[in-house]
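**Q** missing the sequence, but the structure's below:
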């Protein structure tokens, strides 16, 4: 049976969901696919490229929203958070892949957010920084949320203010996104 790139990404995503990012290794993936580790390198030059492909798989449900800039930011952020939460260590993996320049989809999301900042009236020279700020908030909030969920699943006794279960996490996330939207709106009124 011939090994296809999508089979490798599918298996890597399954390993991520079952064991987390710390246990997603090329050797383990090769064992799972019943191939030699070298067979994986036919499709991916290194683990970073593989993780980038997994990140893009995680993010495939995120799409641009043609709407008012405020609604657009809120919708993209909500979709991104949902996509990250749908996979074990999703925020950690996507964040690492984005930092390494390995996720094409995150680059596209950054471009959408930068374009949105320009539409909101942010100086074009600051638009990418505005987009990155929004992305960093979503990645950071969601990584923290996933860590707390893992602690809870492990039976850790977390103080009430550390809990992320229920609607409170979504409410706090939405509040943070609204702070960013308000900041973008305020920034557009300031001279450069």
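**A** Structure received. Just so we're clear, the structure is a prediction, and the values are computed from it rather than from any experiment.

**Q** I'd say residue 35 and residue 7 touch.
**A** No - using Cβ atoms under 8 Å, residue 35 makes no contact with residue 7, being 9.7 Å away. Bear in mind the C-beta positions are built from the backbone N, C-alpha and C, glycine included.

**Q** Contacts made by stretch 116-127 with the rest, please.
**A** 69-70, 72-73, 76, 114-115, 130-131, 184-185, 187-189, 192 (Cβ atoms under 8 Å, 6 or more residues apart in numbering).

**Q** Give me the buried positions along that stretch.
**A** Going by neighbour count (16 or more other Cβ atoms under 10 Å), the buried part of stretch 116-127 is 116, 117, 118, 120, 122, 126, 127.

**Q** Could you do stretch 100-113 as well?
**A** Of the residues in stretch 100-113, 102, 103, 105, 106, 109, 110, 112, 113 count as buried by neighbour count, 16+ other Cβ under 10 Å.

**Q** Roughly how far does the fourth one sit from residue 97?
**A** Look at residue 106 and residue 97: by Cβ to Cβ, to the nearest Å, they are 7 Å apart.

**Q** quick one: common contacting residues for these two?
**A** Residues touching both residue 106 and residue 97 by Cβ under 8 Å, 6+ apart: residue 55.

**Q** what's the pLDDT at residue 153?
**A** Residue 153 is assigned 60 on the pLDDT scale.

**Q** quick one: the helices in the chain?
**A** For the chain, applying DSSP state H gives helices covering 5-19, 26-33, 37-40, 47-58, 69-85, 90-99, 104-119, 124-153, 167-187.

**Q** who does the fifth one touch, helix- and strand-wise?
**A** For helix 69-85, the packing partners by 3 or more Cβ pairs under 8 Å, 6 or more residues apart in numbering; DSSP states H and E come out as helix 90-99, helix 104-119, helix 124-153, helix 167-187.
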